[in-house]
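[1] okay, predicted coordinates and the sequence, questions at the end:
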Amino acid sequence: MSQRLSGKVALVTGASRGIGRAVALAFAREGAALVGVHYGANADAAQATVREIEALGARAVAIPADLRQGKAAAESLHRQFRAAAVEALGDPRFDILVNNAGIAPARALAETDEATFDEIVTVNLKAPFFLIQAVADDLRDDGRIVNVSTGFARIAAPSHPVYAASKGALETLTLALAPTFAARGITVNAVRPGVIETDMNAGWLADPQARAGAEALSAFSRLGHPDDVAEVVAFLASPAARWTTAQSLDATGGSKL
């Protein structure tokens, strides 16, 4: 392994499973010193991820926060991670923030009530916005912010209009913040995953017809794996991506080309 992230300190939201877990493990393999494993409700899964990270030689800490609480949750997450960094390394500063946590209920236009709309937008956009705001002063110069978006920001998704809109807004936020952070050498980028074989998608992918349709979307005729996306995030988090900012990198496996 190249150890591109040797000594770096990272916070990954939604890191107890799926893409977030794969990102956290990729960071550990790349030499990260400390990885914050945020989770919403599944403490057991978060602790399992922590153990896997530690088995790779990095330190890790599980941090709970219900991102449905928006700004309050973002600030709590920051405070907890800051305290953990001081305890582990004697320094509150860190290098990498990955806004990965998100929710994606399938709700067509006519089926979407206001409570569902608010929940999706809060978790997928409001919480990342205020987390970036909260951690900005603790993020070291030449740091990295990576926002996890979706292929639905490029491909029409009538079954998920609010989810797609929230992630499209996250990409616009990525663009808007890049100049602000560039003065400190910090890059701000987004990654667009396609259909990934995760716990979140397991239910509908269990249907053979749905699975075949999902596989057919990709130019490679297969589903994506969490590591497929994690490697793209690890690149953006590394020094190799120092000249890349305000970009939304497509990691959909060439879906609907």
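    Okay, I see it.
[2] would you agree A62 falls within a strand?
    Yes - residue state for A62 (DSSP: H, G, I helix; E, B strand; the rest coil) corresponds to a strand.
[3] that one reaches Y39, doesn't it?
    Yes - counting by CB atoms under 8 Å, Y39 is a contact partner of A62 at 6.2 Å. (Glycine included, C-beta is placed from N, CA and C.)
[4] now the common contact residues for those two.
    Overlap of the contact sets of A62 and Y39 (by CB atoms under 8 Å, 6 or more residues apart in numbering) consists of S16, A46.
[5] any idea how far the spatially most central residue of the chain is from W243?
    The residue lying closest to the centre of the chain (CA atoms, centre = their mean) is N100, at 1.7 Å. Distance, N100 to W243, using CB to CB, to the nearest Å: 23 Å.
[6] now find how far off-centre stretch 91-108 is within its chain.
    4 Å (CA atoms, centre = their mean, to the nearest Å).
[7] what are the buried residues along that stretch?
    Residues 92-104, 107 are the ones in stretch 91-108 that count as buried (16 or more other CB atoms under 10 Å).
[8] same thing with stretch 195-212?
    V195, I196, E197, T198, M200, N201, L205, R211.
[9] ok, those residues vs G254, which is closest?
    Using CB to CB, V195 comes nearest to G254 of the buried residues of stretch 195-212, at 12.1 Å.
[10] got the contact list for that closest one?
    For V195, the contact set (CB under 8 Å, 6+ apart) comprises G151, N201, L205, A214, L217, S218, L223, G224, T252, S255.
[11] what are the contacting residues of the least confident helix or strand in the chain by mean pLDDT?
    Here the helix or strand of the chain ranked lowest by mean pLDDT, DSSP states H and E is helix 199-205, holding a mean of 78. Helix 199-205 is contacted by residues R17, G18, A104, V195, E197, A210, R211, A214, L223 when judged by CB under 8 Å, 6+ apart.
[12] circling back to that earlier point, now the buried residues of stretch 195-212 as TSV including distance to N189?
    Shown next, in TSV, are the buried residues of stretch 195-212 (distance: CB to CB, whole Å):
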residue	distance to N189
V195	21
I196	18
E197	24
T198	21
M200	23
N201	24
L205	28
R211	30
